[in-house]
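# Compute the structure for the input listed below.
(4 chains)
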Number of protein chains: 2
Amino acid sequence: MPPPHSPNQNHLLAALPTAEFERLAKHLEPVAMPLGQILYEPGGQMQHAYFPTTAIVSLHYVTESGASSETAGVGNEGVVGISLFMGGDTTPSSAVVQTAGHGYRLERSLLMQEFNRGGMMHRLLLRYTQALITQMNQTAACNRHHSLEQQLCRWLLLTLDRLPSNELVMTQELVASMLGVRREGITESAGNLQRAGFIRYRRGHIAVLERSGLEATACECYAAVKKELTRLLSDVRYRQDATTIAA
Amino acid sequence: MPPPHSPNQNHLLAALPTAEFERLAKHLEPVAMPLGQILYEPGGQMQHAYFPTTAIVSLHYVTESGASSETAGVGNEGVVGISLFMGGDTTPSSAVVQTAGHGYRLERSLLMQEFNRGGMMHRLLLRYTQALITQMNQTAACNRHHSLEQQLCRWLLLTLDRLPSNELVMTQELVASMLGVRREGITESAGNLQRAGFIRYRRGHIAVLERSGLEATACECYAAVKKELTRLLSDVRYRQDATTIAA
DNA sequence: GCCCCTACGTGTCCTAGCGTACAGACGCCG
DNA sequence: CGGCGTCTGTACGCTAGGACACGTAGGGGC
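Numbers count the residues shown, from 1 in each chain, chains lettered A, B, ... in the order given. Next up is the predicted model:
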């Protein structure tokens, strides 16, 4: 039985060959990631990259007027802090913990060192970035063309896929701020989904009862993001000693 | 006097050190890029990366229902085909020539070879990708929160910045499909801008008369994208022999 | 110089989602 | 067990933008 928290719960880390993983392992610092924690803000200088294991992080933009919306989410399939290795150091977006959990962080210079070796880490990070770009693109198009209810379904499914259980700990207010819509809009759409029997919720908890219902109601964007993520990481193999968890 | 078309008109190519540039120069194939040309489609396998010099390319998404919207534009500041070096080979988005012009293309394997050397090309491409990500993020937020008129101004300005003149050859229909809105919406907003004296247009031509007016009407997204692009490429120096054009 | 295609203008109706306001209700904490 | 803060429900009017429909005019091609 593996320990309760292991870097291998993060898919990127689990896919590193033994040699690369060993080099990094002792520098991977386990961190708790409480709800609402801000990993970085628009102007700030990042010092670490974060590899979530059970936490989910939301990347989003805040407009001048204070309105905000999520452009992508990051769970145990990815890493927060791509601007470190892309070369910009900072980004104009911010990263906030959306579902409390755990993760590992790696110091900036160590990440860069490993990235610059040009091995599997280099390859994995770029692949993952490509998947992230897809997600951002899809969000842009989705924001333009799809209904609030479709977007809510998409978002619930994407979040669900990153969770071990079928229950999200999440107020409607928070969901609304993720999607960049009014809270009342979520109340209404969530009400529809509950009446349809797809979900059930109570004060800050949303349980998914019928996944297929959400999938049918969601726009194509969910499937597109999912498919692309699978495609990009399909030829990635997990380390022998990592498979027990990472699968 | 430099020749009328030169790879140095593309900022990325102009920033390559002499050695790297020389390696690629003989493989850079000049291509005409006519309006509407499709550089790649969602499923397709890309064979070349394109470095626009005078053309402008639009990256966009088409939804199942046929609605589409641009997520980012690429002019002589960048390159079309980042998925080649990011490792995915394809993307679910498509790339269409939005303003006719010229460019250079480079065969896939040669690009990869140069990228994998880990020199300036590697660095420039990743930096540029980072800027592209910013643009996509901003578009996502902008689609959600800003008015059609603001978005039109943003788009006009971004396009203008990639052009030598102050006139866009562009129908309202085409602009509408870029922004993912109805043609009538563009007619109305463009009418407002014309009445305000910021632009003047006639059948497929849009002339910008008062840039500052557009800047004042546009949302912050324009400035944000611009600023980030400048920041990311600020420490990039153009080759001596390239500066006459690339500046 | 004529035609006709294509681009642009306008108008009417309709709906999704916002702003605002307030009422109920869950459940934590003392 | 009672109170209050935080979540959720509902209801109003309002507006931007979509769908559709048609009229008009610029200008390239012949």
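
# State the distance from the nearest residue to A:N8 once chain neighbours are set aside to DNA strand C.
For A:N8, ignoring the flanking residues on the chain, the nearest one in space by Cβ to Cβ, 6 or more residues apart in numbering or on different chains is A:A242 at 3.9 Å. C-beta here means a position set from N, CA and C on the backbone, and glycine is covered the same way. Between A:A242 and DNA strand C the distance is 37 Å, computed by Cβ to the nearest atom of the strand, to the nearest Å.

# where along chain A do the helices fall?
Counting by DSSP state H, the segments of chain A that form helices are A:11-14, A:18-25, A:82-86, A:108-116, A:120-145, A:148-160, A:172-179, A:183-195, A:211-217, A:220-232, A:243-246.

# In JSON lines: these, plus mean pLDDT, distance to B:P7 and mean neighbour count.
JSON lines is the format used below for the helices of chain A (pLDDT from 0 to 100; distance: least, Cβ to Cβ, whole Å; neighbours: other Cβ atoms under 10 Å in any protein chain shown):
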{"stretch": "helix A:11-14", "mean pLDDT": "96", "distance to B:P7": "36", "mean neighbour count": "24"}
{"stretch": "helix A:18-25", "mean pLDDT": "95", "distance to B:P7": "37", "mean neighbour count": "15"}
{"stretch": "helix A:82-86", "mean pLDDT": "96", "distance to B:P7": "24", "mean neighbour count": "23"}
{"stretch": "helix A:108-116", "mean pLDDT": "96", "distance to B:P7": "27", "mean neighbour count": "16"}
{"stretch": "helix A:120-145", "mean pLDDT": "96", "distance to B:P7": "25", "mean neighbour count": "24"}
{"stretch": "helix A:148-160", "mean pLDDT": "97", "distance to B:P7": "41", "mean neighbour count": "22"}
{"stretch": "helix A:172-179", "mean pLDDT": "96", "distance to B:P7": "44", "mean neighbour count": "20"}
{"stretch": "helix A:183-195", "mean pLDDT": "97", "distance to B:P7": "50", "mean neighbour count": "16"}
{"stretch": "helix A:211-217", "mean pLDDT": "96", "distance to B:P7": "48", "mean neighbour count": "15"}
{"stretch": "helix A:220-232", "mean pLDDT": "94", "distance to B:P7": "31", "mean neighbour count": "19"}
{"stretch": "helix A:243-246", "mean pLDDT": "54", "distance to B:P7": "45", "mean neighbour count": "16"}
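
# coming back round to it: which residues are in contact with the residue nearest to A:N8?
By Cβ atoms under 8 Å, 6 or more residues apart in numbering or on different chains, A:A242 lies in contact with A:N8, A:L13, A:A14, A:A15.

# Look up the closest residue to A:G87, ignoring the ones flanking it.
Per Cβ to Cβ, 6+ apart, closest to A:G87 is B:R127, 4.6 Å.

# contacting residues around the one you found?
A:M86, A:G87, A:G88, B:L232, B:L233, B:V236.

# Also A:E20?
A:E114, A:R117, A:G119, A:M120, A:M121.

# Tell me the one among these nearest to A:N76.
A:M121 (16.7 Å; Cβ to Cβ).

# pretty sure the closest one contacts A:F115?
Yes. Counting by Cβ atoms under 8 Å, A:M121 does reach A:F115; the two are 5.8 Å apart.

# Beta-bridge partners for the closest residue to A:H48 other than its chain neighbours, please?
The shortest distance from A:H48 to any residue other than its chain neighbours is 4.1 Å, reached at A:R105 (Cβ to Cβ, 6+ apart). Beta-bridge pairing for A:R105 (DSSP bridges): A:E29, A:Y50.

# Distance check, A:R105 against B:A141.
27 Å (Cβ to Cβ, to the nearest Å).
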